[in-house]
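>>> here you go, sequence then predicted model.
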Amino acid sequence: MKALIFPFLLSVLISFHLPFRPGHQGTADIPATSAVKPVPPDSVEYNGTMQETTDFLSFRNGHQNLYYYPGSDSFLYLYSEISAPEVIAQGERSPLNISLVIDRSGSMSGDKLKYAKEAAKFVVQNLGPKDFVSIITYESGVQVVAAAQPVTNKQHLINLIDNVNTGGSTNLSGGMFEGFTQVQVNKSDEYVNRVLLMSDGLANVGISDSASLVQAAAKKLEETGIGLSTFGVGADFNENLMQSLAEYGGNYYFIGTPDQIPDIFAKELNGLLLVAAQNLKLRIEFPAGVTLNKVFGYRYEQKGNTIEIDYRDIFSLETKAVLIRFKADPQSNADLLFRETATFVLASDGSNRELKTETRLKFLGEPALYHRSYNKTVLQQIVLFESNAILEEAMGQVDGRDYQGARERMNSGRQELKRYRAITPDNQELHVQDSLYNNYEDQIEEVEKMKEEERKFYQKDNKMRNYEMRKKK
């Protein structure tokens, strides 16, 4: 019982949103040989601007500063953000083409399967005759409870769901592949195509290696364009795997207790019903003399000096955002031009749209203007994404029982962030990320003493919150 209520107690703790404490101030990866000295906060001016283009979607981007000069920073950052307006559920909407893939292995017996069946029935009740649904269950084998079909006989589908019982082991890969197969039958760019995969345990039949499962999901997305959302239940599933699978066109959810299953399925379904745009892709062209160092937030493909990010669908009031870290050639002395293009299909009328922006970093021979030209918004996102990545690293070390290494990583991370954190004004989003970082660092010693199930819940709960921050949930 203690393990089941632990995530709730943790959420109460984190809801206080404690800010960085004195001694916890920190700024970004700056080598010891950097020519830049720490900047007093009262000497900074925020004159950097965010470029913005709007054609139904809001498209904003900008750099941490309007200028760069030799030794100005270890890295150059570009922040890019696409947001959807509120979509009102009225009139025509994009039809759904979804597959419900539910773990019915032995460990799902009792409340877990009971609530999973309630969630599946809720989904069916909220679909219409223009929607397609399939229902897949899996244990040692895979069962097609209902092949892909229009939702014209809800009671028949509900009766099939009611007859599902628990079975043997966990053939997660088999269930996932069958979900893709069923959605593929009616796959269309006019539909929202999604597999919803739930599990409470470790994959132990079929493909059980995490890297191989993630590669298989990536291949399926590339071949079919079908997204995948994952739902992890309880203490025993592999949250790193489920998060990685959801990177391919979907969302990840941690379900701490079985009674949360229907509400979380409802959240996913409501998003699918309120799609704003489909096939959203972002292409970023960066100039010669600049090399890509890291992309925070989403998976990407790089071809030469072009980065492409496939966001798939964007829903009502959703934000998709990436922070990109570059390094400039130390010998560079020219302005740097970055071009961004977002393409998408507007869900309301099926029209193809394109948004374009350009941002330019101006070269300075000396730093007089530099400290008067910071971009406040981008500074906030640098601190958020960098601290998010450091926290994720530390959580991985705790997974491996390297508690001392986790403490050292978080402490070194705070020093890395020190310069930017000192000159970055607070906002609510950064306030929450600071709280996650501080609370986790403070609790590492306690985690070391936790019983195994409690430790698993603690890790899953914190990883879920960190995931939600970088995904702007």
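Happy to help now that I have it.

>>> contact partners for residue 200?
Residue 200 sits next to 103, 105, 107, 108, 112, 232, 233, 234, 236, 237 when contact means Cβ atoms under 8 Å, 6 or more residues apart in numbering. Where C-beta positions appear, they are placed from N, C-alpha and C, glycine not excepted.

>>> tell me, how many residues neighbour the nearest residue to it once chain neighbours are set aside?
Excluding the flanking residues, the one nearest residue 200 by Cβ to Cβ, 6 or more residues apart in numbering is residue 233, at 4.0 Å. Neighbours of residue 233 under the rule other Cβ atoms under 10 Å: 27.

>>> what does residue 158 give?
For residue 158, the tally of surrounding residues (other Cβ under 10 Å) stands at 14.

>>> one more: residue 219?
Counted with other Cβ under 10 Å, the neighbours of residue 219 add up to 11.

>>> packing partners of the host helix or strand of it?
Using DSSP states H and E, residue 219 maps to helix 210-224. When contacts are defined as 3 or more Cβ pairs under 8 Å, 6 or more residues apart in numbering; DSSP states H and E, helix 210-224 sits against helix 172-185, strand 227-233, helix 239-246.

>>> try it again at 7 Å.
Using 3 or more Cβ pairs under 7 Å, 6 or more residues apart in numbering; DSSP states H and E, the elements in contact with helix 210-224 are helix 172-185, helix 239-246.

>>> nearest to residue 373 among those would be which one?
Taking Cβ to Cβ, helix 239-246 is the member of those nearest to residue 373, at 36.9 Å.

>>> what angle sits between the closest one and helix 172-185?
Relative orientation of helix 239-246 and helix 172-185, computed by axes from the mean of the first three to the mean of the last three Cα atoms, to 10 degrees: 20 degrees.

>>> thinking again about what came up before, from residue 116, how far out is the residue nearest to residue 200?
Remark: distance between residue 233 and residue 116 (Cβ to Cβ, to the nearest Å) = 8 Å.

>>> shared neighbours of the two, which are they?
Shared contacts of residue 233 and residue 116 (Cβ atoms under 7 Å, 6 or more residues apart in numbering): 198, 261.

>>> picking that back up, now do the buried residues in the helix holding residue 219.
210, 213, 214, 216, 217, 218, 220, 221, 224 (16 or more other Cβ atoms under 10 Å).

>>> ok, the fifth one - contacts?
Think residue 217. Contacts for residue 217 (Cβ under 7 Å, 6+ apart) come out as 228, 245, 248.

>>> and for residue 153?
Neighbouring residues of residue 153 by Cβ under 7 Å, 6+ apart: there are none.

>>> state the mean pLDDT of the top helix by length along the chain.
Longest among the helix segments of the chain by residue count, using DSSP state H, is helix 376-399. Per-residue pLDDT values across helix 376-399 average out to 97.

>>> what's whichever helix or strand comes after it packed up against?
Remark: after helix 376-399, the chain's next helix or strand is helix 403-416, criterion DSSP H and E. Contact here means 3+ Cβ pairs under 7 Å, 6+ apart; on that basis helix 403-416 packs against helix 376-399, helix 428-449.

>>> where does pLDDT dip in the chain?
The chain contains residues with pLDDT under 70 at 1-40, 71-73, 89-91.

>>> all helices of the stretch 1-150 of the chain, in order?
2-14, 111-125 (DSSP state H, counting those that start in this stretch).

>>> sorry, wrong one. I was asking about the stretch 251-400 of the chain.
Ranges of helices in the stretch 251-400 of the chain, per DSSP H, counting those that start in this stretch, are 261-273, 376-399.

>>> could those go into a markdown table alongside mean neighbour count and distance to residue 451?
Below are these laid out as a markdown table (neighbours: other Cβ atoms under 10 Å; distance: least, Cβ to Cβ, whole Å):
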| stretch | mean neighbour count | distance to residue 451 |
| --- | --- | --- |
| helix 261-273 | 19 | 25 |
| helix 376-399 | 21 | 15 |
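
>>> nearest to residue 300 among the ones you listed would be which one?
Ranking the helices of the stretch 251-400 of the chain by proximity to residue 300 (Cβ to Cβ) places helix 376-399 first, at 14.0 Å.

>>> ok and that closest one relative to helix 403-416, angle-wise?
Comparing the axes of helix 376-399 and helix 403-416 via the same axes, to 10 degrees yields an angle of 170 degrees.

>>> residue 298 against residue 323, yeah?
No: between residue 298 and residue 323 there is no contact under Cβ atoms under 7 Å: 10.0 Å.

>>> of the two, who's got more company?
residue 323 (23 against 15).

>>> what's the distance between the more buried one and residue 184?
34 Å.

>>> do residue 425 as well
With distances taken as Cβ to Cβ, residue 425 is found 48 Å from residue 184.

>>> repeat for residue 217
Taking Cβ to Cβ, one finds residue 217 at 14 Å from residue 184.

>>> any idea what residue 355 is bridged to?
On the basis of DSSP bridges, residue 355 is bridged to residue 342.

>>> quick one: contacts for it?
Taking Cβ under 7 Å, 6+ apart, we find residue 355 in contact with 53, 55, 57, 59, 342.

>>> and the residues you listed, which are buried?
Among those, those buried by neighbour count (16+ other Cβ under 10 Å) are 53, 57, 59, 342.

>>> thank you, goodbye.
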